[in-house]
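Undergrad: Any chance you could fold what I've pasted below:
(one chain, ligands or ions: 2)
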Amino acid sequence: MTFRTLQGADLSGKTALVRVDFNVPMENGVVQDDTRLRSALPTIDLLTKAGAKVVLLAHFDRPKGKRVPEMSLKPVVAPLAALAKRDIAWSDDCIGAEAKAVIDRLKPGGVALFENLRYHSGEEMNDPAFAAELAKLGDVYVNDAFSAAHRAHASTEGLAKLLPAYPGLSMERELTALDAALGKPERPVIGIVGGSKVSTKLDLLKNLVTRLDKLAIGGGMANTFLYAMGHDVGASYCEKDLAETAREIIRLAGKNNCKLFLPLDIVVAEQMASGVPTRVRGLGEVDEHERILDAGPESVARLKRAIGNSRTLIWNGPLGVFEIPPFQRATMEAAWHAAELCRDGKLIAVAGGGDTVSALNMAGVTVDFTFVSTAGGAFLEWMEGKELPGVEALKV
Ligand code: ADP
Ligand code: MG
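TA: Ligands and ions are numbered 1, 2, ... in the order given. The predicted structure follows:
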């Protein structure tokens, strides 16, 4: 991967069009979580210090080409200004005369946020005319929105081809971490894939077994594998129609020398509810009214050893129903163990996925992990081995 780099670039007096992800959780016009605003700060800081005018471009929600007032980005201005400790100018439109006037009024080192890109249908259509309208406003393009990079939209793809294009600092950090986990990882590299369904993670499993040395499968999707191997799974969540697919993945792993770790033992209960009585069962020992809700202690001990014998860990999907105690146990123990190895400098651990991020936060290990991606869909597509248009467009 070769990218331009912002450090050392001549940006003084230039207008930088910076694609950020400000699609933040919002209630009644109040930002509920400012993680995404914070992650834009390093790039804003670098560009303003270099004397550039900074124009922030973002989408919010899905207005589908119309000006939907509830989907305005304006409520982001005040919290962003507070976090950045500076004024943020505002433009009611992301293209046209007003946008240009706002830029003209900015001093070098000034920052503006423009209204929702998706108020224009050309954004999601990647319309070259709309991309050209954006390009007219700036001298350089910076993409700091990895989480939007799986979309080929005007502001993530088209625009990158019209101006000198740079990854922002958060984008750069994410790409570096992802490359360390799957691109050129230190080996052995182990994956953990869990979560509820095999069906949503087929491409991911197929890609990982060709690239990893070891792969542990957990969560609800492990039930489908156990069933495919002839074990009774009782009343567990299980995609029985995918049994042949599961066997195909097992064969593919064998062909690629990827050692698969399926559960050795499991935690079952008759109901998926907090504090219900649980039992540890061996494979195939599940009664017809029991459900598999977590990995068992032997499986966890073996997984911890396997992580300990690896240099790199890539993780998506919890090992059990971690939202309901006590079925968080396997996920927490694996997370704590990986975190300890990271702290000791023995492991590179990269994780991502909506529920995975929640589980790692619950374990309190997000700071210890090498990188925890909040990019959602873009992270999963990357784990599937797909090219991300927003990343491809930045390559030189
Ligand atoms: P992510 O969002 O990190 O990609 P997923 O959405 O694929 O993860 O999976 C998370 C969900 O999987 C959680 O809600 C969890 O309760 C569920 N899950 C984990 N193990 C099981 C299981 N044994 N049976 C049913 N659901 C499970
Ligand atoms: Mg999820």
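Undergrad: Checking the residue in the stretch 151-300 of the chain that ligand 1 sits nearest to next. Helix, strand or coil?
TA: As assessed by C-beta to the nearest ligand atom, ligand 1 sits closest to G195 within the stretch 151-300 of the chain, at 2.3 Å. C-betas here are computed from N, CA, C, even on glycine. Following DSSP: H, G, I helix; E, B strand; the rest coil, the label given to G195 is coil.
Undergrad: the domain parsing of this protein - what is it?
TA: For the chain, automatic domain parsing gives the domain ranges 15-170, 185-383.
Undergrad: Compare those domains and report which one is nearest to R4.
TA: Comparing the domains of the chain by their distance to R4 (C-beta to C-beta), the top pick is domain 15-170, with 4.8 Å.
Undergrad: Return the distance of the closest one from the chain's centre.
TA: In terms of C-alpha atoms, centre = their mean, to the nearest Å, the centre of domain 15-170 is found 20 Å from the chain centre.
Undergrad: now stretch 9-28
TA: 19 Å.
Undergrad: Export that stretch to CSV, keeping only CA atoms.
TA: Provided in CSV are the C-alpha atoms of stretch 9-28 (Å, rounded to 0.1, in the frame of the first residue of the first chain):
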residue,chain,number,x,y,z
ALA,A,9,3.1,18.2,2.6
ASP,A,10,3.0,21.8,1.5
LEU,A,11,-0.5,22.9,2.7
SER,A,12,0.0,26.5,3.5
GLY,A,13,-2.7,28.7,2.1
LYS,A,14,-4.4,25.6,0.5
THR,A,15,-8.0,24.6,1.0
ALA,A,16,-8.2,21.0,2.2
LEU,A,17,-11.5,19.2,1.7
VAL,A,18,-11.6,16.7,4.5
ARG,A,19,-14.1,13.8,4.4
VAL,A,20,-14.9,12.9,8.0
ASP,A,21,-17.5,10.5,9.5
PHE,A,22,-19.8,12.6,11.7
ASN,A,23,-22.7,10.2,11.4
VAL,A,24,-23.0,10.3,15.2
PRO,A,25,-25.8,9.1,17.4
MET,A,26,-28.1,12.1,17.8
GLU,A,27,-31.3,12.6,19.8
ASN,A,28,-33.4,15.8,19.5
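Undergrad: re earlier: ok, and the closest non-adjacent residue to the residue of the stretch 151-300 of the chain closest to ligand 1?
TA: Spatial nearest neighbour of G195, chain neighbours left out: G317 (3.2 Å); criterion: C-beta to C-beta, 6 or more residues apart in numbering.
Undergrad: Nothing else from me, thank you.
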